[in-house]
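Participant: output the structure for:
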Amino acid sequence: MSQPDSGAGPTVLRVANCSGFFGDRVAAAREMVEGGPIDVLTGDWLAELTMYILHKTRERSGGYARTFLRQLEEVLPTCIERGITIVSNAGGLNPEGLADAVQELARRQGVSVRVASVSGDDITARVPDLTAAGNEFVNLDTGEPLPPDAALVTANAYLGARPIADALAAGAQVVVTGRVTDASLTVGPALHAFGWADDDYDALAGAVVAGHVIECGAQCCGGNYAFFEEIPDASRIGFPLAELYPDGSSVITKHPETGGALTVGTVTAQLLYEIAGPRYLSPDAVARFDTMAVEQVGPDRVRISGVVGEPPPSTLKVTANLEAGWRNSMTLAITGSRVEEKAALAAAAVWAGLPGGRTGFAETSEDLSGDLTGAGMAFLRLAVRGDDAHAVGRGFSGAVVETSLSSYPGTFFTSAPGNAQAVARYWPTTIAANDVTPRIACEGKPVAASRSTRRPAPQPADPVAPPVAPAAQAGPRPHDGAAEDLVTVPLWVLIGGRSGDKGGDANVGLWADTELVARWLCDSFDVGQFKAALPESAPFEVSRYPLPNLRAVNFVVRGILGWGVASNLRLDTQAKGMAERLRSHTVRVPASFVESGGPAACRAALAAG
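Facilitator: Here you go, the predicted model:
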């Protein structure tokens, strides 16, 4: 890390990311270590589903992400030689076990390394006693208390950054954790390096935002970007790093000569990913997303500054998983004309061939997609969920196969019949922060956690920000008092979008390139227009959160994903494609929105051509 001449604390801390999920590019750690100077190498392995996966594979995986060790094998000696700190949540359900595995790897490589583990997040065994003491573990999505007979298999509280900073203060060179917030992997090293107090809320909030931007790896460098045609060398997009400063501001960048791009647009897309209202809660500080400034300060360099922080809530979020039966699906291809009639024939035959038909399962789904005109190919996807593994597995897929010769002309499947998959019900809830005690060990020896310097908050932070009421006017507002000609364009000409899952909810973040379009988006694109553009959201409650400072609006569709990614029967289980489906919808807007010579004009020409 860069040091001033006075010998005081660092002037900048360079935090790199090498993993956005369990299964990300294995070569990324080596690319980040060899591609340029960094001070800290981080990686995120724990999506909300990952704890359940680690539970199901614990016997062979040890309860932690073994791919972390594959990455570490390529870079550990170099990191120790260069003084690069490594921080990762790959410990999953067994951080201590992963710490031991890292030490064993270091011994094989002839490297001396101080490894720390952070645990204490796993409250699974404590839930019965905590329930008896009065904690109902109310589901944040549905308001239900945890049933007394729930088949609970994992329950992990989201720890903050302070235990990571304590481990680094104890001399750790590698820190592996269980369930901490994704951003804490960035905040922890900054907290240690800059010596922030626990109530330096603005600085902490700035680091939370930087951590949120880089936590998903290549996404902020142009991965999954709405305007993908603008991204250079998109076949090998680089991973990001955040240059953090003592005031909590940051510059998001990447190593030179790597693919992708860092722009205000790519960073905004990631800022909007998997959020709700303007107040972004974390156990370190509440970051006000409606206060930050995002600006381009050079090629592949985006500065984030001015983030206002607030005291964190007195509770920690808990992600629990309950065993919830089994699910299965099969997809039939349909060619030629009369697509809907063929699909109806096939579905009716399958349900008739099953004991009890559709009522024999807890949930069923029929989805018809693709080219419904008969000129191309359409797809009928049938899915079921239930408690009987055989009925959901070979019972269901067998019925699909058995009816194939008595079905529509041209019947064939996109894959072979499969067995049932275990289903977890995602249960988001909270626990009092005082009821969770982090455990820190360095080289196998306990490390005392530092006492909080946080001042009591004047009043507790709200669990979520209230939705902002949509503007009353549904259509585009005239500008400068003059009537304008209207043009019809697809939304993708005007706005970008990114969507994702948060338990049973889905969020769709939309942003604009220009102030003119942003004003229309923030003032006039309301819930009614959103539902018209995305009909699948129509039956659900939709909350709307304008973020004018980001030229953006975030929509949250409540409950559309049911029990979460591990159990819902949707084809798009994580709502990744919702924003793109919305952006294909056409709207009538003033002609000035399609600027001459600007990006909107280029997109309009592409849409017309």
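
Participant: per-residue pLDDT, residue 515?
Facilitator: Reading off the confidence values, residue 515 has pLDDT 93.

Participant: contact partners for it?
Facilitator: Residue 515 makes contacts with residue 551, as judged by Cβ atoms under 8 Å, 6 or more residues apart in numbering. Quick note: C-beta positions are derived from backbone N, CA and C, even for glycine.

Participant: residue 608 too?
Facilitator: Residues near residue 608 by Cβ under 8 Å, 6+ apart: none.

Participant: just the pLDDT for it.
Facilitator: Looking at residue 608, its pLDDT is 79.

Participant: same thing with residue 47?
Facilitator: Reported pLDDT for residue 47: 85.

Participant: quick one: it and residue 23 touch, right?
Facilitator: No: counting by Cβ atoms under 8 Å, residue 47 stays clear of residue 23, with 9.5 Å between them.

Participant: which residues touch the residue of the chain positioned farthest from its centre?
Facilitator: Computed with Cα atoms, centre = their mean, the maximum C-alpha offset from the centroid of the chain is found at residue 406, amounting to 43.5 Å. Neighbouring residues of residue 406 by Cβ under 8 Å, 6+ apart: residue 349.

Participant: now residue 261: which helix or strand?
Facilitator: In the assignment (DSSP states H and E), residue 261 maps to no helix and no strand.

Participant: surely it and residue 231 touch.
Facilitator: Yes: between residue 261 and residue 231 a contact is recorded at 5.4 Å, counting by Cβ under 8 Å.

Participant: who touches both of those two?
Facilitator: residue 222.

Participant: what is the neighbour count of residue 433?
Facilitator: 17 (other Cβ atoms under 10 Å).

Participant: and what of the one 10 residues further on?
Facilitator: Residue 443 is surrounded by 15 other residues when neighbours are defined as other Cβ under 10 Å.

Participant: then residue 128 would be within a helix, right?
Facilitator: Yes: counting by DSSP: H, G, I helix; E, B strand; the rest coil, residue 128 is part of a helix.

Participant: can you list the strands that the lengthiest strand in the chain pairs with?
Facilitator: In the chain, taking DSSP state E as the definition, the longest strand is strand 315-335. Each strand paired with strand 315-335, and its direction, by DSSP bridges: strand 152-157 (antiparallel), strand 377-386 (antiparallel), strand 412-413 (antiparallel), strand 421-432 (antiparallel).

Participant: in that strand, which residues are buried?
Facilitator: For strand 315-335, burial by neighbour count (16 or more other Cβ atoms under 10 Å) applies to 315-332, 334-335.

Participant: please name the nearest non-neighbouring residue to residue 443.
Facilitator: Closest residue in space to residue 443, ignoring its immediate chain neighbours: residue 114 at 5.6 Å, by Cβ to Cβ, 6 or more residues apart in numbering.

Participant: next: residue 283.
Facilitator: Residue 283's closest residue in space is residue 160 (Cβ to Cβ, 6+ apart), at 3.4 Å.

Participant: give me the neighbour count for that neighbour.
Facilitator: 25.

Participant: then the longest strand of the chain to CSV, C-alphas only?
Facilitator: Only the C-alpha atoms of strand 315-335 are listed here, as CSV (Å, rounded to 0.1, in the frame of the first residue of the first chain):
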residue,chain,number,x,y,z
THR,A,315,-29.8,-6.4,14.5
LEU,A,316,-27.9,-8.7,12.1
LYS,A,317,-29.5,-10.3,9.1
VAL,A,318,-29.7,-14.1,9.3
THR,A,319,-29.9,-16.4,6.3
ALA,A,320,-31.5,-19.7,7.2
ASN,A,321,-32.3,-22.7,4.9
LEU,A,322,-35.1,-25.2,5.6
GLU,A,323,-35.4,-28.6,3.9
ALA,A,324,-38.5,-28.2,1.6
GLY,A,325,-38.9,-31.3,-0.5
TRP,A,326,-37.9,-31.8,-4.1
ARG,A,327,-38.3,-30.3,-7.6
ASN,A,328,-37.9,-31.4,-11.2
SER,A,329,-38.5,-30.1,-14.7
MET,A,330,-38.4,-31.2,-18.3
THR,A,331,-38.5,-29.1,-21.5
LEU,A,332,-40.2,-30.2,-24.7
ALA,A,333,-39.4,-28.5,-28.1
ILE,A,334,-42.2,-27.5,-30.4
THR,A,335,-41.8,-26.7,-34.1
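
Participant: check which element follows it along the chain.
Facilitator: helix 339-352.

Participant: can you give the distance of whatever helix or strand comes next after that following helix from its chain's centre?
Facilitator: Per DSSP H and E, the first helix or strand lying C-terminal to helix 339-352 is strand 363-370. In terms of Cα atoms, centre = their mean, to the nearest Å, the gap separating the centre of strand 363-370 from the centre of its chain is 25 Å.

Participant: what sits up against strand 363-370?
Facilitator: 329, 334, 339-340, 343, 347, 351, 358, 376-386, 569-571.

Participant: so where's this protein uncertain?
Facilitator: 1-8, 452-483, 596 (pLDDT under 70).

Participant: only alpha carbons, please: show the helix or strand hosting residue 553 as CSV.
Facilitator: Assessed by DSSP H and E, residue 553 sits inside strand 552-557. In CSV, the C-alpha atoms belonging to strand 552-557 read as follows (Å, rounded to 0.1, in the frame of the first residue of the first chain):
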residue,chain,number,x,y,z
ALA,A,552,-31.6,5.7,-11.7
VAL,A,553,-34.7,4.1,-10.3
ASN,A,554,-34.8,0.8,-8.5
PHE,A,555,-38.0,-1.4,-8.5
VAL,A,556,-38.5,-4.3,-6.1
VAL,A,557,-41.0,-7.0,-7.0
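
Participant: from the contact counts, what lies against that strand?
Facilitator: strand 505-512, helix 515-524, strand 542-547 (3 or more Cβ pairs under 8 Å, 6 or more residues apart in numbering; DSSP states H and E).

Participant: what's the closest of those to residue 421?
Facilitator: With Cβ to Cβ as the criterion, residue 421 lies closest to strand 505-512 of the helices and strands packed on strand 552-557, at 21.3 Å.

Participant: run through the helices of the stretch 401-550 of the chain in chain order.
Facilitator: For the stretch 401-550 of the chain, the helices defined by DSSP state H, counting those that start in this stretch cover 491-494, 515-524, 527-533.

Participant: so which of those is the most surrounded?
Facilitator: Counting by mean count of other Cβ atoms under 10 Å, helix 491-494 has the highest mean neighbour count of those, with a mean of 23.

Participant: all set, thanks.
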